[in-house]
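J.: Structure for this input, please:
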Amino acid sequence: MLIGYSIHDMHGHTLNLFSSLLSALSVLFPDSILAKEVHCFVLRHGFDSDIFVVNALITYCSRCDDLGLARILFDRMHDRDIVSWNSMIAGYSQCGFYEDCKSNARFNEVETKGRNTGSVF
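T.: This is a model prediction of the structure:
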């Protein structure tokens, strides 16, 4: 499917499907080595500028208990959305870093204050 979308210049669909695959992989293969391989693939093919792909990769790394790589990805993002923040906060929480989780939540409030964060409420 990825190749078919790419061949037919449906790049948005390709990236969305790739993001979905990353989420599925993180559940099926919670392995930090595979997460690093996927990260290398993302870098080699220039997908690291797509917010959906990076958000999925942050979630993947967090589920693999590789918060170091998740944090590097997060810090290198040019634009962060509410999903980026939730992915990072959830990763800290899942790995038991509750104080870091709270400080990230507070920083998110400061960074997004006065900006439209895409909330549906």
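J.: Now tell me what touches stretch 90-101 from outside.
T.: Residues outside stretch 90-101 that contact it (C-beta atoms under 8 Å, 6 or more residues apart in numbering) are 58-59, 61-63, 65, 67, 70, 89, 104. (Glycine included, C-beta is placed from N, CA and C.)
J.: Turn those residues into a markdown table, columns for neighbour count.
T.: A markdown table is the format used below for the contacts of stretch 90-101 (neighbours: other C-beta atoms under 10 Å):
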| residue | neighbour count |
| --- | --- |
| 58 | 28 |
| 59 | 23 |
| 61 | 27 |
| 62 | 26 |
| 63 | 23 |
| 65 | 15 |
| 67 | 19 |
| 70 | 24 |
| 89 | 19 |
| 104 | 19 |
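J.: Give me the subset of those that lies in strands.
T.: With strands defined by DSSP state E, no entry of those lies inside them.
J.: so residue 33 is in which element?
T.: Using DSSP states H and E, residue 33 maps to helix 32-44.
J.: same question, residue 86
T.: With DSSP H and E as criterion, residue 86 is part of helix 82-94.
J.: For that helix, buried residues please.
T.: Using 16 or more other C-beta atoms under 10 Å as the test for burial, helix 82-94 gives 83-85, 87-89, 91-93.
J.: Can I get the contacts of stretch 90-101 in CSV including pLDDT and distance to residue 97?
T.: Listed next are these as CSV, based on pLDDT from 0 to 100; distance: C-beta to C-beta, whole Å:
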residue, pLDDT, distance to residue 97
58, 91, 15
59, 88, 16
61, 87, 14
62, 87, 11
63, 85, 14
65, 86, 11
67, 90, 7
70, 91, 11
89, 87, 10
104, 64, 9
